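K.L.:
Provide a 3D model corresponding to the input given below.
(2 chains)
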Number of protein chains: 2
Amino acid sequence: MLTTMGKDAFKLTIHMVSSLDGFIAKKDNSISWFETVDNYEKGVTLTEQDTAAFLKSIDCYLIGSQTYEHALKLSKSYGWVYGDVPVIVLTHRDLPVDGHNVEFYSGDLHELVSERLKPNYQHVWMAGGAVLAKDLIRLRLADEIRVSIIPIILGEGKLFFDQIQQEQMLHVKNVTAYKNGIVELHYEIRK
Amino acid sequence: MLTTMGKDAFKLTIHMVSSLDGFIAKKDNSISWFETVDNYEKGVTLTEQDTAAFLKSIDCYLIGSQTYEHALKLSKSYGWVYGDVPVIVLTHRDLPVDGHNVEFYSGDLHELVSERLKPNYQHVWMAGGAVLAKDLIRLRLADEIRVSIIPIILGEGKLFFDQIQQEQMLHVKNVTAYKNGIVELHYEIRK
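P.N.:
Numbers count the residues shown, from 1 in each chain, chains lettered A, B, ... in the order given. Okay, the predicted model is just below:
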């Protein structure tokens, strides 16, 4: 059954975790720098309830194929990170399925958003794939960007905002500094 | 006369104004995007007193030669932006002087900091030149980084943190979101 919701109710959020110098991955793909811990006195801490309530607001995850493969690999040790929430994987490849709530999609991104996402979900969370993120921003299909900045300069690696080639005005929705030194910048993309 | 101050009293701060995607200049060098105005309800506003008190804490400016030339050009219409505060310009070129409190320096950066800056100043503000900023970070001569993020994605231009090639841990000192949508991230570079 399709649920019909007002256009305003739908939101596609792009999330990235980045170093201060804008890198989302090191050259060797190691992710230990994600655990960089700072101590920012004035920062806030999320309770488990906060996190649970927030995660509940997400009713669909959108990820690229490499993010999917990474999640599959991690699931062997830590479980499936997206829980029971539907996950749509953008890919042109044949990828293994593993009993999770996953669909694959290889078509046009405009159609994906207007025909698959908007009629069925309220808050879609794009959780990885810099190329996919860039395409969504360029095509003006994303509504929000949330950047979690880790207190580190990596110096080299894979840039998130690598030449979007398009100017886009933003509106600050929220700025949150956490006790562990991570700063979350939450922007709305002005249409 | 040299004033002697404890090592801890000295601070070299690198300041940059950047788009969310890390650019400090557009390809055409236009700076109208600096005036991007957002309205962030929860943001703060600085009073003239706040600004004056802050500027008073800076007792030396350090800039690259292009920033100097830019300031000279702007001074014809708007006055000299650095007031009476000493300005040290890093350059290997012969540059025009124009009656301001300016010295030129072309030597080693370690010596600059230990022999010229530390004995004479308390708070040196590095106000421009991405190359100079990068050198200071690489040589571990900078103490703090303050990034003012304008609420815009530029999409292309000149990157500030362009491949520093070195990892550096940071400590969050302050995060300030302003009413006009500019977010200032203030980090200490961990030594």
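K.L.:
close to chain B, is stretch A:176-186?
P.N.:
Yes: residues of stretch A:176-186 are located near chain B by C-beta under 8 Å from any C-beta of the partner chain, namely A:177, A:181, A:183, A:185. From N, CA and C alone the C-beta is placed, and that goes for glycine too.
K.L.:
gap between the closest residue to the first one other than its chain neighbours and A:Glu41?
P.N.:
With C-beta to C-beta, 6 or more residues apart in numbering or on different chains as the measure, B:Val175 is the residue that lies nearest to A:Ala177, at 4.1 Å, once sequence neighbours are left out. Distance from B:Val175 to A:Glu41, counting by C-beta to C-beta, to the nearest Å: 12 Å.
K.L.:
sorry, back to before: just the pLDDT for the residue nearest to A:Ala177.
P.N.:
Note on B:Val175: pLDDT of 98.
K.L.:
my read: A:Cys68 touches A:Ile88, true?
P.N.:
Quick fix: residue A:68 is Tyr, not Cys. No: taking contacts as C-beta atoms under 8 Å, A:Tyr68 lies outside contact range of A:Ile88: 9.7 Å.
K.L.:
strand partners (parallel or antiparallel) of the lowest-mean-pLDDT helix or strand in chain A?
P.N.:
Lowest by mean pLDDT, DSSP states H and E among the helices and strands of chain A is strand A:158-159, with a mean of 89. Here strand A:158-159 has these sheet partners by DSSP bridges: strand A:23-25 (antiparallel).
K.L.:
can you list contacts of the partner strand?
P.N.:
For strand A:23-25, contacts defined as C-beta atoms under 8 Å, 6 or more residues apart in numbering or on different chains pick out A:16-18, A:31, A:130, A:154, A:156-160.
K.L.:
test my guess that A:Trp33 contacts A:Ile150.
P.N.:
Yes: between A:Trp33 and A:Ile150 there is a contact under C-beta under 8 Å: 6.5 Å.
K.L.:
list residues touching both of these two?
P.N.:
A:Ser19.
K.L.:
max-length helix in chain A?
P.N.:
helix A:65-78 (DSSP state H).
K.L.:
so what are the sheet partners of the helix or strand following that one and their directions?
P.N.:
Counting by DSSP states H and E, the next helix or strand C-terminal to helix A:65-78 is strand A:87-90. If you go by DSSP bridges, strand A:87-90 pairs up with strand A:60-64 (parallel), strand A:102-105 (parallel).
K.L.:
who's in contact with the longest helix of chain A?
P.N.:
Counting by C-beta under 8 Å, 6+ apart, A:63, A:80-82, A:87, A:89-91, A:93, A:95-96, A:98, A:100, A:102, A:127-129 sit against helix A:65-78.
K.L.:
give me the angle between it and strand A:60-64.
P.N.:
Using axes from the mean of the first three to the mean of the last three C-alpha atoms, to 10 degrees, the inter-axis angle of helix A:65-78 relative to strand A:60-64 is 110 degrees.
K.L.:
any buried residues in helix A:65-78, and which?
P.N.:
A:65-72 (16 or more other C-beta atoms under 10 Å in any protein chain shown).
K.L.:
for it, give the mean pLDDT please.
P.N.:
For helix A:65-78, the mean confidence score works out to 91.
K.L.:
what residues of stretch A:33-50 count as buried?
P.N.:
A:33, A:36, A:38, A:40, A:43.
K.L.:
from the chain's centre, how far out does that stretch sit?
P.N.:
Between the centre of stretch A:33-50 and the centre of its chain there are 19 Å (C-alpha atoms, centre = their mean, to the nearest Å).
K.L.:
and that stretch, anywhere near chain B?
P.N.:
Yes: against chain B, stretch A:33-50 shows contacts by C-beta under 8 Å from any C-beta at A:33, A:36, A:38-40, A:42-43.
K.L.:
so among those residues, where is pLDDT lowest?
P.N.:
Within these, A:Thr36 has the lowest pLDDT, namely 79.
K.L.:
pretty sure it is in contact with A:Ser148, am I right?
P.N.:
No: using C-beta under 8 Å, A:Thr36 is not in contact with A:Ser148; the gap is 11.6 Å.
K.L.:
chain center to the longest helix of chain A: distance?
P.N.:
With C-alpha atoms, centre = their mean, you get 15 Å for helix A:65-78.
K.L.:
alpha carbons of it, as CSV, please.
P.N.:
C-alpha atoms of helix A:65-78 as CSV (Å, rounded to 0.1, in the frame of the first residue of the first chain):
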residue,chain,number,x,y,z
SER,A,65,27.3,-0.2,-3.8
GLN,A,66,30.6,0.1,-2.0
THR,A,67,28.9,1.3,1.2
TYR,A,68,26.6,-1.8,0.9
GLU,A,69,29.6,-4.2,0.5
HIS,A,70,31.3,-2.6,3.4
ALA,A,71,28.1,-2.9,5.6
LEU,A,72,27.8,-6.6,4.5
LYS,A,73,31.4,-7.2,5.6
LEU,A,74,30.9,-5.5,8.9
SER,A,75,27.6,-7.3,9.5
LYS,A,76,29.6,-10.6,9.9
SER,A,77,31.2,-9.2,13.1
TYR,A,78,28.8,-6.5,14.3
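K.L.:
re the thing from before, can you pick out the most distant pair from the residues of stretch A:33-50 next to chain B?
P.N.:
Across those, no pair lies farther apart than A:Trp33 and A:Lys42, at 23.1 Å, counting by C-beta to C-beta.
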